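> Build me a model:
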Amino acid sequence: MRDSLPIFTKYPLGELLSGTRWAPTSDPERFGMLPLMLGSLYVTLGAMVIAVPLGLATAVFIAEVAPKPVQEFLKPTVEMLAAVPSVVYGFLGLLLVGPWLADAMDLPVGRFAGVGALILAFMAMPTIVSVSEDAIRAVPVALRENSLALGATRWQTIVRVVLPAGRSGIIASIMLGLGRAIGETMTVLMVTGNAAVIPQGLAGMLKPVRTMTATIAAEMGETAYRTEHYYALFAVGLLLFIITFITNSIADWAVRSAGGMRE
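Predicted coordinates:
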């Protein structure tokens with residue numbers, strides 16, 4: 001935090017947050033963080049739109065639908081996916097997924113926000129699936145039996161009884177997946193194109209973007225010590241920390257609220 005403070009003596013906070021150009025090598029230097037924030041927002045939200053429904057559906061299938069042998073195979077397999085290094089996902093996106101999507105959508109390059117969102121979704125899914133599945137299994141069997149005894153179907157019991165009863169764990173799994181997506185560095189550095197531009201609407205998912213984490217990783221190693229560029233990168237890190245802290249605080253509040261409602 002200390003190394004981020006000097007940048008605020010020359011550039012007001014509002015100018016840094018609303019600036020539309022990140023150009024540390026220009027004359028004069030520009031440290032507008034808005035393109036970086038929007039790039040992170042696009043990639044992260046895109047990943048969660050994909051990961052949450054697929055992850056929750058997979059957790060329900062493993063916990064409530066799949067036969068015992070299938071459960072014993074799927075659960076450790078999904079958890080093993082969380083141990084795959086992020087650079088492996090990055091290479092898969094760079095060499096396979098990106099070029100395939102570019103050919104399918106007739107795009108000039110295979111590195112854009114949508115590729116990053118897709119890869120991050122599959123990186124966040126193991127966490128969502130594992131924690132959600134544990135939360136669903138923790139729901140007392142008596143709740144299921146009472147629901148079925150009252151005439152509810154199996155799917156009505158899952159949707160109206162099991163999922164609401166396990167919502168605190170499900171919310172926690174989603175927020176953990178969100179944290180994985182926000183903080184990921186290598187994958188987005190490799191597949192999103194690293195263009196510090198402001199994405200426009202849904203079409204921005206098909207354009208190159210740059211995230212806050214990728215900016216720090218790409219530029220910190222070549223930045224002169226205690227220059228304005230150096231301080232600006234620490235300011236980006238501080239902003240990322242604040243966003244993560246707020247996200248975790250909201251998650252903690254949501255989990256506590258859900259737990260209180262259940263009681």
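> Show me where the stretch 51-200 of the chain dips below the pLDDT cut-off.
For the stretch 51-200 of the chain, no stretch has pLDDT under 70.
> quick one: the helices in it?
In the stretch 51-200 of the chain, helices defined by DSSP state H, counting those that start in this stretch lie at 68-81, 86-92, 98-105, 113-137, 141-149, 154-157, 163-165, 167-183, 186-191, listed in chain order.
> now the ones you listed in TSV, with distance to E222 and mean neighbour count?
Heads up, the C-betas are built off the backbone N, CA and C, glycines and all. Formatted as TSV, the helices of the stretch 51-200 of the chain follow (distance: least, Cβ to Cβ, whole Å; neighbours: other Cβ atoms under 10 Å):
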stretch	distance to E222	mean neighbour count
helix 68-81	33	13
helix 86-92	20	17
helix 98-105	25	15
helix 113-137	22	25
helix 141-149	57	13
helix 154-157	55	14
helix 163-165	49	17
helix 167-183	22	21
helix 186-191	14	26
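> tell me the phi and psi of W22?
Reported as degrees, to the nearest 10, the phi and psi values for W22 are phi -110, psi 100.
> Quick check: it touching L38?
No - W22 is not in contact with L38 according to Cβ atoms under 8 Å; the separation is 11.2 Å.
> coming back round to it: among the helices of the stretch 51-200 of the chain, which is nearest E219?
Among the helices of the stretch 51-200 of the chain, the nearest to E219 by Cβ to Cβ is helix 186-191 (10.8 Å).
> In PDB, list the C-alpha atoms belonging to that closest one.
In PDB, the C-alpha atoms belonging to helix 186-191 read as follows (Å, rounded to 0.1, in the frame of the first residue of the first chain):
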ATOM      1  CA  MET A 186      -1.300 -16.100 -16.300                       C
ATOM      2  CA  THR A 187      -4.400 -17.200 -18.200                       C
ATOM      3  CA  VAL A 188      -5.700 -13.800 -19.000                       C
ATOM      4  CA  LEU A 189      -2.300 -12.600 -19.800                       C
ATOM      5  CA  MET A 190      -2.000 -15.200 -22.500                       C
ATOM      6  CA  VAL A 191      -5.400 -15.300 -24.100                       C
END
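> Mind giving me the packing neighbours of it?
Counting by 3 or more Cβ pairs under 8 Å, 6 or more residues apart in numbering; DSSP states H and E, the packing neighbours recorded for helix 186-191 are helix 86-92, helix 113-137, helix 212-219.
> circling back to that earlier point, can you lay out the helices of the stretch 51-200 of the chain as JSON lines showing distance to A218?
Compiled in JSON lines, the helices of the stretch 51-200 of the chain are given as follows (distance: least, Cβ to Cβ, whole Å):
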{"stretch": "helix 68-81", "distance to A218": "26"}
{"stretch": "helix 86-92", "distance to A218": "13"}
{"stretch": "helix 98-105", "distance to A218": "18"}
{"stretch": "helix 113-137", "distance to A218": "14"}
{"stretch": "helix 141-149", "distance to A218": "50"}
{"stretch": "helix 154-157", "distance to A218": "47"}
{"stretch": "helix 163-165", "distance to A218": "41"}
{"stretch": "helix 167-183", "distance to A218": "16"}
{"stretch": "helix 186-191", "distance to A218": "6"}
